[in-house]
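> got a predicted model here, sequence first, then my questions.
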Amino acid sequence: MQASNWQALKAVMQRDLMVVMRRRSDVLNPLLFVLMVVTLFPLAVGPGPDILGRIAAGVIWVAALLSALLGSERLFREDYLDGTLEQMTLQPQPLPLLAFGKMAVHWLLSGLPLVILAPLCALLLKLPMAGWWALVATLLVGTPILSAITAIGAALTVSLGRGGALLSLLLLPLFIPLLIFASGAVEAALVGTEAWPQVLLLAGLSLLTLLLAPFAVAASIRVSVN
Amino acid sequence: MWRWLHPYAKPEVVYHLLGRWLPWVTLGAVATLSIGLIWGLVFAPADYQQGDSYRIIFVHVPTAMLSMSLYLALAIAAFIGRVWQLKMADWALAAIAPVGMVYTFISLFTGAVWGKPMWGTWWEWDARLTSQLILLFLYIGVLALYHAFSDNRTGAKAAGILAMVGVINIPIIRYSVEWWNSLHQGATLTVFERPPMADSMLYPLLICLLAFALLAAALVMQRMRNEILRQELRRPWVKAQFAAELTEANNGQKGQA
Amino acid sequence: MSTLLSVSQLASQRAGRTLFADLRFAVKSGDLLHIEGVNGAGKSTLLRALVGLVELQEGTVEFFPEQNELAENWRAHVLFMGHKAAVKTELTAIENVELLAELGGVSNVDTWDLLETVGLIGLEDLPAGQLSAGQQRRIALTRLWFSEAPLWILDEPFTALDTFGIELLHTKFAQHIAGGGAIILTSHQPLSWQGAQFKRIRITGADDAGF
Amino acid sequence: MQFDSWQAFINMGGYGFYVWLAFGVSFLALALVVVQGLQARRKLQQEFVKEQQRQQRLARRKREVT
């Protein structure tokens, strides 16, 4: 008797969803962090719409990257400490699939809320209307990359007591293309040129990452539970 | 292929093999480096635009080119270690990474020092400089991860996974940075885009490239030997090796006294 | 009587210290194998090496060498429980058991009944974090009741359990073995076992690195 | 030979500071790598000696006990 792949994936995702729903602050804190960063910028550089509008997309994306780092350590930490992670590697189902489940839940609870929060941030930073849809579109296709790469880093460092600073060192270089293409797309939309190419490029990168990352995460988990 | 490779997968054999080659590679590196640098610094003509400042390329270009190749070597070693479970390949990772990191640093530093007289600024957000900087971060990440684990074996495996993730990302990073640079059109940097180089400058440059490649090989070999000793510290052959070295050193001291 | 596990020439080192070398044994159905050794001798490492959580330096581990269809998918037919209970402290006992059952591919588990069996009656819908270590361990141990795996590998299953819990586990072990299953376990407590096929392996953790 | 005198060579056509800074730091960095490698080997040797002493202590202890 053995759970089907689908059944196991569902159980893993359900467990993570239920756990996080009991600890709502884990979802809310990164979002509040983004909101705080977005509030700090006008105070630091002045409230003029020309400056703010120009840097809005960049600020929101940098805030998104930092908030992803903020919660990244906890992605596998509890599972590692209570033994869930080692049981996961012993499931008869392919580990990359289960790792994908964890990534998907992470995106649902950190990436998706960010997409929903984005219009509010854009409003606060006086992003011109023309850039709104591009911002939301890049967040929608870009945040899965964020979750996937974060999962790789978190799985690699989960067995280290304090991996926080190290994790930022590992992850930030890998986030760079995402940051460049995403803010580039918004900028293109602002100056009135086509933003679609960059959004499509990001979507392609996103697919590629989602295809490869589960294997990297699975390999990292196996190394970490050793 | 396995049958042929097998004796070479033995740490002891590799250690002694590297020990036999190391002096020759070092000699070759020192010789070519002296020839290349003296030729480049003393005999090659000055550039008609940049004067003598261009002589920095004899260090800058070889290290920049090799920093990429070394990362590729790093990722290949990690891949071999993963797929064929060859622990020696995992160790090679620890030997290559510091050398690659120093080469990347040198290329960045010399680039900045060259940029000051040419562009009037120490740092320019040029595509090449930027991606080189990111490469440096990737190297630092691999090394930091390797040393973060108390168990060397686990560290090597984790760093290997990161190296492979990094190597997939490098083309993407390069492309994105170039695209970003063309989008923002900072200073137009023509220093790197030169007309075909005169032979009198090209030959010493090629010799320097060879010299730095040999130097990298020698450094990696030295570190690989250390790594083998570190991982096999409690094996009889390492103990015998050290015991022999120590008695030799003692005898030497007695002989002097 | 079928062989469930066959191990040959197993060796492991940790931090350069040889924990065990050239270890060989077989586990047949109906066996209870007790792995003994002092602290740090490598008992847990051995169990983890069996299921592939720790990399083997040498040797082979073969599950179900005589039954190909089981061997191919041995993870589905081996139950491993380590030191850590794999119980989520945020979830209630009931939810934990349900998820464990779902991951084990078992439907129709009467979770309330099961929790009563392991002595958690009245605590079913409290978050596991509010329960004691022993009670959390009991939640994890419910896997033994619904799992259909013939081979159990248990690392210190009696930890944190009271006498009633230990008694309960003994009964369960006897049932499992009578049903043709096999158990490999480590324990600091001497096992009072009357079964015919009770075996012991002692790991000395001898530092025979040759100094 | 591109330079007439030792002074001219050091001066590098006015770019002496930059050229020698670049070369100096580069070779300093390379030297550090070499030195670090040699030191690592010496450290391993010391570790071996320490381990040997530890084993001797253990052996002595065993003899005393038996």
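Sure, I can see it.

> where are the low-confidence patches of the chain?
If you meant another chain, say so; for now it's chain A. Applying pLDDT under 70 to chain A flags residues A:1, A:163.

> not quite, I wanted chain D
D:1, D:66.

> can you give me the helices for it?
Under the criterion DSSP state H, helices of chain D are mapped to D:6-11, D:16-65.

> hey, which of those is tucked in deepest?
Stretch with highest mean neighbour count among the helices of chain D: helix D:16-65 (a mean of 14; mean count of other Cβ atoms under 10 Å in any protein chain shown). In short, each C-beta sits where N, CA and C put it, glycine included.

> so the residue sitting nearest the centre point of chain C, which state does it fall into?
Against the mean C-alpha coordinate of chain C, by Cα atoms, centre = their mean, the closest residue is residue C:154 at 1.6 Å. With DSSP: H, G, I helix; E, B strand; the rest coil as the basis, residue C:154 sits in strand.

> so which of the helices of chain D is nearest residue A:20?
Closest of the helices of chain D to residue A:20 is helix D:16-65, at 45.0 Å (criterion: Cβ to Cβ).

> tell me if that closest one is near chain B.
Yes. Judged by Cβ under 8 Å from any Cβ of the partner chain, helix D:16-65 and chain B are in contact via D:18-19, D:21-23, D:25-26, D:29-30, D:32-34, D:36-38, D:40-41, D:44-45, D:47-49, D:51-52.

> now for that helix, which elements pack on it?
helix B:57-83, helix B:87-119, helix B:199-231, helix B:236-256 (3 or more Cβ pairs under 8 Å, 6 or more residues apart in numbering or on different chains; DSSP states H and E).

> centre of the chain to the last one, how far?
To tie it back to what came earlier, the one meant is helix B:236-256. Centroid displacement of helix B:236-256 relative to its chain, using Cα atoms, centre = their mean, to the nearest Å, is 32 Å.

> contact partners of that helix?
With contact meaning Cβ atoms under 8 Å, 6 or more residues apart in numbering or on different chains, helix B:236-256 is reached by B:12, B:229, B:232, C:210, C:211, D:44, D:45, D:48, D:49, D:52.

> tell me which stretches of the chain form strands.
Using chain A here. For chain A, applying DSSP state E gives no strands.

> the intended chain is chain C.
Using DSSP E, the strands of chain C run over C:3-14, C:17-28, C:32-36, C:58-63, C:78-81, C:151-155, C:182-186, C:198-202.

> so what's residue C:61 up against?
Per Cβ under 8 Å, 6+ apart, neighbours of residue C:61: C:5, C:6, C:7, C:10, C:49, C:50, C:52.

> quickly note the distance from the residue of chain B with the smallest separation from chain A to chain C.
Proximity of chain B to chain A (Cβ to the nearest Cβ) peaks at residue B:176, 3.8 Å away. As defined by Cβ to the nearest Cβ, to the nearest Å, residue B:176 lies at a distance of 37 Å from chain C.

> the helix or strand hosting that residue versus strand C:3-14: what angle between them?
Using DSSP states H and E, residue B:176 falls within helix B:152-184. Using axes from the mean of the first three to the mean of the last three Cα atoms, to 10 degrees, the inter-axis angle of helix B:152-184 relative to strand C:3-14 is 80 degrees.
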